[in-house]
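Novice: Using only what follows, build the 3D model:
(one chain, ligands or ions: 1)
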Amino acid sequence: MKVFAIYGFSKSGKTESIERIIYELKRRGYKVGAIKKSYHHDVEYDKKGKDTYRMEQSGADIVGGLSRSRAALFYNYEVKPLDFIKLFNTDYLVIEGRLDIAVPKILSAASKSELEELNDSLVFAITGKISESMEEYKGIPVINALKKTEDLVDLIENKVFPLLPQINCEECGFDCAGMAERILKGEKDIRDCVILQRNRVKIMVGKKPMYLAPFLENMLINIVRGFLSPLKGYEDGQELHIRIEE
Ligand code: SF4
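Specialist: Below is the predicted model:
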């Protein structure tokens, strides 16, 4: 799953930009998830007196609402951002706000002073009201998400990569943010994450593990995913388990 964040001060044009981006990603056929980071203590879910509200008030740890066309789960305790993200199962996940995870970011700003205050090394695009008066800032493209949605989504398709493990093991020589920064600059590739590369394929022959050289491992992954991808039920980026019995 590819994850990116859009952040900026309120009234910078952030929410309208997110709406357009989601709309365009959907138009291109992607399954899209979205998270709103709330800075308030509580997230409101059902109206007072309604069933799910009463279930939550009774002390249920997780409350679910299920109808024919929609479903929702509410956690009645703090969920860590990464654990929450892992609940999503979409091609793209858009996070509104800043979570403490190393993902590519779009900065929404209304003025140059906001850019200066909020810019960080994982920003690959700038949008918001500032895009009325600027086309580039310190080498970062400034794109109006309302007028040039397709250009911005082209850039998202080009830049955003699958979520790094976020464990900051530094086996690649950097922490995850350092690696994400280098992937955005084109100096590294997601395959340079040692953890993602390790044990991508596990083969057991009877009870004995069988190890493949990296190029054979990649070849096998490409063959299996290529074979399964046109089939109904297949989802890119998901772990696969195949068991062949004699
Ligand atoms: S090897 Fe992967 S998980 Fe470890 S710090 Fe580098 S990018 Fe992060």
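Novice: When you work out contacts or count neighbours from here on, use the C-alpha atoms and nothing else.
Specialist: Fine.
Novice: Quick check, E56 in contact with N76.
Specialist: Yes: the pair E56 / N76 is scored as a contact, 7.0 Å apart, by C-alpha atoms under 8 Å.
Novice: Find the nearest non-adjacent residue to F9, please.
Specialist: Once flanking residues are discounted, F9 sits nearest to A109: 6.9 Å by C-alpha to C-alpha, 6 or more residues apart in numbering.
Novice: Count the neighbours of that neighbour for me.
Specialist: Neighbour count for A109, taken as other C-alpha atoms under 10 Å: 28.
Novice: who has more neighbours, E56 and N76?
Specialist: Neighbour comparison, E56 and N76: the larger count goes to E56, with 18 against 15 (by other C-alpha under 10 Å).
Novice: picking that back up, contacting residues around the residue nearest to F9?
Specialist: With contacts defined as C-alpha atoms under 8 Å, 6 or more residues apart in numbering, A109 is in contact with G8, F9, S12, G13, K14, L115, I126, T127, G128, K129, I130.
Novice: ok, 6 Å please
Specialist: Listed by C-alpha atoms under 6 Å, 6 or more residues apart in numbering, the contact partners of A109 are G8, S12, G128, I130.
Novice: how about CSV for those, with secondary structure added?
Specialist: Below are the contacts of A109 laid out as CSV (DSSP: H, G, I helix; E, B strand; the rest coil):
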residue, secondary structure
G8, coil
S12, coil
G128, coil
I130, helix
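Novice: Which residues of the protein lie near the ligand?
Specialist: Within the chain, the residues that sit near the ligand (C-alpha under 6 Å from any ligand atom) are 164-172, 174-176, 179, 193-195.
Novice: Show the buried residues in those.
Specialist: Taking 16 or more other C-alpha atoms under 10 Å as the criterion, what is buried in the residues of the chain next to the ligand is L164, N168, D175, C176, M179, C193, I195.
Novice: Now render those residues as JSON lines, adding pLDDT.
Specialist: Converted to JSON lines, these look like this (pLDDT from 0 to 100):
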{"residue": "L164", "pLDDT": "92"}
{"residue": "N168", "pLDDT": "90"}
{"residue": "D175", "pLDDT": "96"}
{"residue": "C176", "pLDDT": "95"}
{"residue": "M179", "pLDDT": "97"}
{"residue": "C193", "pLDDT": "90"}
{"residue": "I195", "pLDDT": "79"}
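Novice: isn't there a strand covering A125?
Specialist: Yes: membership of A125 in a strand is supported by three-state DSSP.
Novice: in the protein, which helix or strand is least confident?
Specialist: strand 208-210 (a mean of 74; mean pLDDT, DSSP states H and E).
Novice: partners of that strand in the sheet?
Specialist: Applying DSSP bridges, strand 208-210 is found paired with strand 203-205 (antiparallel).
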